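Engineer: need coordinates for the below:
(chains A, B, C and D)
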Protein chains: 4
Amino acid sequence: MRSVAIVGATGVVGQQFVVALQKHPWFKIAKLAASQRSAGKTYEEALRRENGALAWFCDEEPDPEVLRMKVEDAATLNVDDCDLVFTALESDQALLLEPKYAKKKPVISTASAFRYEPDVPIIVPGVNNEHVELLSRQKESRGWNGFITPIPNCTTTGLVITLKPIYDRFGINRVLMTSMQAVSGAGRSPGVLALDILDNVIPYIPKEEEKVQTETLKILGKLGSKGIEIAPFKVSCTCTRVNVKDGHTESVFVSAKKTLTVEAVKEAMSDAGKELKELGLPSAPTRMIYVLDDPFRPQPRLDRNREDGMATTVGRIRLDDALENGVKYVLVSHNTKMGAAKGAVLVGELLEVKGFLT
Amino acid sequence: MRSVAIVGATGVVGQQFVVALQKHPWFKIAKLAASQRSAGKTYEEALRRENGALAWFCDEEPDPEVLRMKVEDAATLNVDDCDLVFTALESDQALLLEPKYAKKKPVISTASAFRYEPDVPIIVPGVNNEHVELLSRQKESRGWNGFITPIPNCTTTGLVITLKPIYDRFGINRVLMTSMQAVSGAGRSPGVLALDILDNVIPYIPKEEEKVQTETLKILGKLGSKGIEIAPFKVSCTCTRVNVKDGHTESVFVSAKKTLTVEAVKEAMSDAGKELKELGLPSAPTRMIYVLDDPFRPQPRLDRNREDGMATTVGRIRLDDALENGVKYVLVSHNTKMGAAKGAVLVGELLEVKGFLT
Amino acid sequence: MRSVAIVGATGVVGQQFVVALQKHPWFKIAKLAASQRSAGKTYEEALRRENGALAWFCDEEPDPEVLRMKVEDAATLNVDDCDLVFTALESDQALLLEPKYAKKKPVISTASAFRYEPDVPIIVPGVNNEHVELLSRQKESRGWNGFITPIPNCTTTGLVITLKPIYDRFGINRVLMTSMQAVSGAGRSPGVLALDILDNVIPYIPKEEEKVQTETLKILGKLGSKGIEIAPFKVSCTCTRVNVKDGHTESVFVSAKKTLTVEAVKEAMSDAGKELKELGLPSAPTRMIYVLDDPFRPQPRLDRNREDGMATTVGRIRLDDALENGVKYVLVSHNTKMGAAKGAVLVGELLEVKGFLT
Amino acid sequence: MRSVAIVGATGVVGQQFVVALQKHPWFKIAKLAASQRSAGKTYEEALRRENGALAWFCDEEPDPEVLRMKVEDAATLNVDDCDLVFTALESDQALLLEPKYAKKKPVISTASAFRYEPDVPIIVPGVNNEHVELLSRQKESRGWNGFITPIPNCTTTGLVITLKPIYDRFGINRVLMTSMQAVSGAGRSPGVLALDILDNVIPYIPKEEEKVQTETLKILGKLGSKGIEIAPFKVSCTCTRVNVKDGHTESVFVSAKKTLTVEAVKEAMSDAGKELKELGLPSAPTRMIYVLDDPFRPQPRLDRNREDGMATTVGRIRLDDALENGVKYVLVSHNTKMGAAKGAVLVGELLEVKGFLT
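Structural biologist: Residues are numbered from 1 along each chain as shown, chains lettered A, B, ... in the order given. I've put the predicted structure just below:
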């Protein structure tokens, strides 16, 4: 069993890490860290509200054993006894603390702080496993014993998972995507007010579109001797917020390089990530993409929890004659499962089998 | 004052016609018609439920005078004394009844039944006023004293209004649109169940995408000697339903023929429909398009009621480098006002000033 | 294994019966029946929509084996080979068909048709198990080999479960209850329109209040030699609909006969249904009532699924000084689990151990 | 024209004051005050967000003239030139600042800080106009030139308006109320998160129930020589939050002192506040209470805006045989109109005609 630390453990994403790790067959939660305010308390005390209830936001309950663990101060956390650090920090804190941990140990981060550094890969297991090699160079160039590897923005995740099989088989010229994102993607502070989203759509999520565009091309890029060459196509997004609790829906239009058929795209997607399955990663879905024929699917409420939120569901695959070699489809991806903590745990599992945790 | 008939007066769209017409300066409600079940009752009796309440679905109240009118049987309605007939019928009924009325009088329809006939224009005032000329040919070729002129699908309306200024100034190669449509668009029978849309997005609306694609090109087409030549570009849509009561939101990506700038597009849109204003039509908005700079706008709840739902609101205008001469934006259009009955009344007003009601 | 029939199998409640029974350790689905329209088709064919998708409304998937079963015509269903019939019928159909089945076999019904007959008990396991004896008299007086036993209205269920421990320990003078009911309680035809409930509360559900008032007193009544003497207290309800998918919330005010304390009420509720657990019924929750101290609970979304929807959650227990010996609390009960098909299956299990299925 | 100041002018309630006052026939907005952060800026600048848009939360637009006014620092505001001060402050700020203003001028407050002081009335025009007399004593005993008069909690407002006619005509023994409150009642910081209320009911609003209980009895109390004798009956509430934007719904059960009939209660309610109308207050509704016979009403979305949110709508009036001389009903009251700023403006109007502003 690897000993892992969860940093930012009291927040929503930190709690999702606890859920994803507390019964994990390979990883054992060895340390919990949070802000100074929580340091010295048990995890339970740190989550306790004035009214006596737990400020706990996951559907799954925390293990009593985890609740009894002492929370340490993230700023002074000693990771020597850990094999791996999962961080759920705001960007400014990530910028400050993640390098401290990475000097000693591997760090898997949900923050965007390091995503755009040239020596930092954004790994989506089943999409760009080979990018893990960049971590060796990162360690070397930075003189660290560990490294930082962030997961992508939750809206990028479903997009790259579904683009990958198209890209591999047909090539891509351009992608135009409109997202309808769930409110849980905005977290709790401040999050999305009911007042603002009730009977409404909000057509803008600050910085989201730039992230999706940049990350998609990096993830689908090729790792060469000079680092990752970003994928040579164009991505354009409009990201909106809708009144859905969990599960991002994305309407995607793709112009491919080669002629394609609906059947060929379905087949390519249905086959996606087969090699992932063979690696035997405990958090991996048995199928990365489920393609549904019912035109009324995918729907976030009905499809987000497929394979505990680790599978992406695709529907409405049709040819698009407004684009050259065009195809269009709709996807649903669980933004707080595959798109956040549990997706990060899957990266940890990939790193384990690739020998990056020793 | 012109005497008008409302056919299908007891339904939701019929009620919207009542609201749009009951205080109209040019048109007077002379007849109300509905199914045989309502015939012979007063309008109030026809709307009365078992529990004694009115089955009335508009925010505005019906005039007492209208409530006292007798409802006639649509199947046997005599339109001789009317100058104009507004119909709010299901497609199969429209197919049957509208030609009967049109033999004698002008018919403005919210149904799709005749939209795709070559001698039938789909008029959006301020966008393709010149298509009214096709009505003369229709009368002649069909040997009718009147004619049928349907309004477009409610999702088409906002799209063509915003595409028109781009098309005129920059030309268009292709349009890719994803809609997030309000539940009122589906009406009441069966309509959208709360069970299905709560915490959800439904990624499919039967026949909607085909309608929007076909109608857009017809509306933006050129009326020539052989009829309407459809506009020579491509339109591709994905139409979804979201948990919003009124107001369709559309995320639009356009590839233009000529280079454009954000400022030039804003200006073109802000200027749209100036000639409409000059016609002095009572239901016309003072501006067809409002362009907002706040990136969090347009939002359906905040923007749908602008100019009593007759104006279209646009925001998030940005260049799109994934498309040649690309521009992208988001629009909100009120699906049950400009997109339905009140939009049809505006067509009636245009026909009046163009001399088609005499 | 008992062989059971599900009548009305293609509807929403029928599907919930399939889910509750397809892996049941004691009961085996032997027959599926529905309207003539479905008769002769496999269950899968009967559920198939024009677009090829299944009209399936439960979160759990149907077993392939069940999908391959032939659906029979409910009107001519032969129940000779069944040990038990579960019905999910509209009231008028129930009135017609249930006696036909009951002449031969036990019938457990979700319809209200027979609930108010003097020789018909409304059994809520853990609340009034002893009422099963009335079934012997029903068989005898009607000359049937079987009997009809309906479950209560879904709003009654949580109310009687939580009143029972108060009634037993402190007596009850009066109960005033306001419900906030989920949209799934209205089913799918017509169900609740999104248009009507979005940003809204509907303060009336036809016939609901009378049902809750009458059923509560019957369920908590005493079975004597002349039948059930209804409980000698008063119940008054206002039943409303809110924009929640599943889970009825009820705000309850009780005036007891004896002095009570918050602690004593908590204890009484927490102990409720202990004898039920000892019977070893497979669908029974391990605890009938969970009492939460967090004042922000119970909440339908967070608490409805406790013990797969078979447990009732109570919170906000406070003394109420506006009533004599007053206590007030809020409960959440899952209307389509304990309140519908799975609650009916629990009745079947109780009848089994009480020897009523032989 | 009276010159009025709005303190806390940049917040949500402050903005509602601007809307309620900017076209007021008797009052002129002379000063706007807010925190030091806004002081010295124009109102428009103070509302401006980083992205350039206005942080404006009312449906009605602010007048350009108001947008150009300079905002002053509430802490140092000189009210010498004002006739009246409206405050929209958090409770701790109200405690500090309102007495400073009240030493010189009348203060009408939306905060709860002074509501429970014995020399402070809580005035609801049309319900307890005569309590204004307590203000004279307050001035005298405190040695102030002005006074503080707070409006009640928004949930109290609809309750006392509907109880008053019952109390006057039939007397009251006890009241049991369950509220279903709108999310706007919680404001914007932090307000209610979409995450928490979507598909949900929250059964607790901190301090709300105590406020409603205490305020109701004070408002319906009798002003005697020793101050207000609170009304001699019992009130018990459970206050919940539902997914509604505006408009509080309350389910009320009343035990009266005398026998009553549904017709008599309807009549009493329909007649309520006649004297208010005669005073000619510009913000007063023409009828305080609308009684609807349709059992599906009142609904917050359909009824909250009646008379611009200043009227209370009641429905479902039925006798209640679980209480002695029992009657039950449902009410809808607009929490941010009659229940907040515009309700406070109505108090100002009442004070004007009663001669308290000179």
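
Engineer: around chain C, which positions in chain A sit nearby?
Structural biologist: With Cβ under 8 Å from any Cβ of the partner chain as the criterion, chain A comes near chain C at residues A:51, A:52, A:53, A:54, A:198, A:199, A:293, A:294, A:295, A:296, A:297. Glycine gets a C-beta too; all of them are placed from N, C-alpha and C.

Engineer: tell me which two of those sit farthest apart.
Structural biologist: Among the residues of chain A next to chain C, the pair separated by the greatest distance (Cβ to Cβ) is A:52 and A:293, at 49.9 Å.

Engineer: more crowded one of those two?
Structural biologist: Neighbours of residue A:52 and residue A:293, each counted by other Cβ atoms under 10 Å in any protein chain shown, are more numerous for residue A:293; the result is 12 against 9.

Engineer: kindly list the main-chain dihedrals of the more buried one?
Structural biologist: phi -90, psi -20 (degrees, to the nearest 10).

Engineer: on the three-state scheme, the nearest residue to it once chain neighbours are set aside is what?
Structural biologist: Distance criterion Cβ to Cβ, 6 or more residues apart in numbering or on different chains; nearest residue to residue A:293, sequence neighbours excluded, is residue C:52 at 6.0 Å. At residue C:52 the chain is in coil, as set by DSSP: H, G, I helix; E, B strand; the rest coil.

Engineer: list the buried residues of stretch A:110-126.
Structural biologist: A:110-115, A:119-126 (16 or more other Cβ atoms under 10 Å in any protein chain shown).

Engineer: CA atoms only for that stretch, dumped as CSV, please.
Structural biologist: Extracted C-alpha coordinates of stretch A:110-126, given in CSV (Å, rounded to 0.1, in the frame of the first residue of the first chain):
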residue,chain,number,x,y,z
THR,A,110,-6.6,19.5,-9.3
ALA,A,111,-5.4,23.2,-9.6
SER,A,112,-4.6,24.9,-12.8
ALA,A,113,-1.4,26.6,-11.5
PHE,A,114,1.1,24.5,-13.3
ARG,A,115,-0.9,23.1,-16.2
TYR,A,116,0.6,25.4,-18.8
GLU,A,117,4.2,24.9,-17.9
PRO,A,118,6.2,23.3,-20.8
ASP,A,119,7.6,20.5,-18.6
VAL,A,120,4.3,19.7,-17.0
PRO,A,121,2.0,17.1,-18.7
ILE,A,122,-1.8,17.1,-18.2
ILE,A,123,-2.5,13.4,-18.1
VAL,A,124,-5.9,11.8,-18.9
PRO,A,125,-5.5,8.1,-18.5
GLY,A,126,-6.6,6.3,-21.6
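
Engineer: for that stretch, what is the average pLDDT?
Structural biologist: Taken as a whole, stretch A:110-126 has a mean pLDDT of 97.

Engineer: and residue A:241, how far is that from chain C?
Structural biologist: According to Cβ to the nearest Cβ, to the nearest Å, residue A:241 and chain C sit 17 Å apart.

Engineer: tally of neighbours for that residue?
Structural biologist: By the other Cβ under 10 Å criterion, the neighbourhood of residue A:241 contains 26 residues.

Engineer: next up, the contacts around it.
Structural biologist: A:180, A:181, A:183, A:185, A:186, A:192, A:197, A:201, A:202, A:205 (Cβ atoms under 8 Å, 6 or more residues apart in numbering or on different chains).

Engineer: who's it bridged to?
Structural biologist: Note on residue A:241: beta-bridge partners residue A:181, residue A:202, judged by DSSP bridges.

Engineer: need the pLDDT of residue A:157.
Structural biologist: At residue A:157, the pLDDT value in this model is 98.

Engineer: residue contacts, the closest residue to it other than its chain neighbours?
Structural biologist: Nearest residue to residue A:157, sequence neighbours excluded (Cβ to Cβ, 6+ apart): residue A:339, at 4.6 Å. Residues near residue A:339 by Cβ under 8 Å, 6+ apart: A:154, A:155, A:157, A:158, A:185, A:248, A:333.

Engineer: secondary structure, distance to residue C:80 and neighbour count for these - can I get that in CSV?
Structural biologist: Conversion of those to CSV gives the following (DSSP: H, G, I helix; E, B strand; the rest coil; distance: Cβ to Cβ, whole Å; neighbours: other Cβ atoms under 10 Å in any protein chain shown):
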residue, secondary structure, distance to residue C:80, neighbour count
A:154, helix, 57, 26
A:155, helix, 59, 25
A:157, helix, 56, 28
A:158, helix, 53, 30
A:185, helix, 57, 25
A:248, strand, 53, 30
A:333, strand, 51, 34
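
Engineer: for chain A, what lies in contact range of chain D?
Structural biologist: A:183-184, A:188, A:190-199, A:243-245.

Engineer: ok and the residue in the stretch 201-350 of chain A nearest chain D?
Structural biologist: residue A:245 (5.2 Å; Cβ to the nearest Cβ).
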